[in-house]
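Asks: Predicted model and sequence follow; I will ask about them next.
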Amino acid sequence: MPDETVPDSGRESGGSAPSPGTRRPGGRTARTRAAVRDAVLAGLTEHGYPGLTVEYVAAHSGVHKTTLYRRWKDVEGLVADALDLAGEDSWVPPDTGSLEGDLRALAQEVVDSFTDPAVAASGSAMIAAAFQSERAADALRDYYAERFARCEALVERAVRRGELAAAPDAAAEAASGVTPHRGIDAGALVRSVSAPLFFRLFITREPVDDTVAEQAVAATLAAARAGAFTVAGRTDPSPGAAP
């Protein structure tokens, strides 16, 4: 999935940080957050998490370090906030007209994101930071949970087209007004596409290409059609819940 959006509230006042995907007002605050985010990404790419400093972010964002300390507290807060900002974008899963096409497009996004030198370094640096900061790890989990939740629409469309078998009681649930895709774990299905790619990228450090992406798609399709991602019994997650 793409690498693909700080808080004004939680980290500067001690309150809880807003959930990824929450829209915040624009204006000067948004410009400040974007400038800080860009500086954080540049610093992670250039120096890695251990070498990132508040002073670096101040020098490259144009935001005084006193402001950075007041609003974000420390480097951990800056990195976690940059991931929160990434989760606020308007990304939606592909809609190609078929499940196979949608999964292929998702896999291609991962390949493109981590093979394009213009974007791969910053995405890799963010993931690496999550191994060294628990707050960054939490933010990364929230980021991807949001992405997987958005992919519920992809699964719902596939069920309605008859490409996936819904849970045994899906027909009755649909007649009662319950969305029929709720018997399928959309998050697990989407993870099945991206997991082999991330394994090669970050564990074995092997290259990824279109052939590897196609293999991941084929394996996921076979598993999905065999019912591997169908959840037994009725499930009724709250709207927007992470899969």
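Replies: Noted; the coordinates are in hand. Residues are numbered from 1 along each chain as shown.
Asks: From now on I want contacts and neighbour counts done on CA atoms only, so please keep to that.
Replies: Noted.
Asks: Against which helices or strands is the helix or strand encompassing Ala145 packed?
Replies: Using DSSP states H and E, Ala145 sits within helix 134-150. Counting contacts by 3 or more C-alpha pairs under 8 Å, 6 or more residues apart in numbering; DSSP states H and E, the secondary-structure elements packed against helix 134-150 are helix 75-86, helix 117-130, helix 186-202.
Asks: Show the contacting residues for the closest residue to Leu83 other than its chain neighbours.
Replies: The spatially closest residue to Leu83, leaving aside those adjacent along the chain, is Ala139, at 6.0 Å (C-alpha to C-alpha, 6 or more residues apart in numbering). Going by C-alpha atoms under 8 Å, 6 or more residues apart in numbering, Ala139 touches Ala80, Asp81, Leu83, Asp84.
Asks: for this protein, longest helix please?
Replies: When secondary structure is assigned using DSSP state H, the longest helix within the chain turns out to be helix 28-51.
Asks: circling back to that earlier point, which one among the contacts of Ala139 gets closest to His60?
Replies: Sorting the contacts of Ala139 by how near they are to His60, with C-alpha to C-alpha, puts Asp81 at the top with 16.5 Å.
Asks: Could you report the neighbour count for Arg37?
Replies: With neighbours defined by other C-alpha atoms under 10 Å, the count for Arg37 comes to 25.
Asks: right, I mislabeled it, should have said Ala105
Replies: Other residues near Ala105 number 19, with proximity taken as other C-alpha under 10 Å.
Asks: Please list all residues in contact with it.
Replies: With contact set as C-alpha under 8 Å, 6+ apart, Ala105 has these partners: Pro94.
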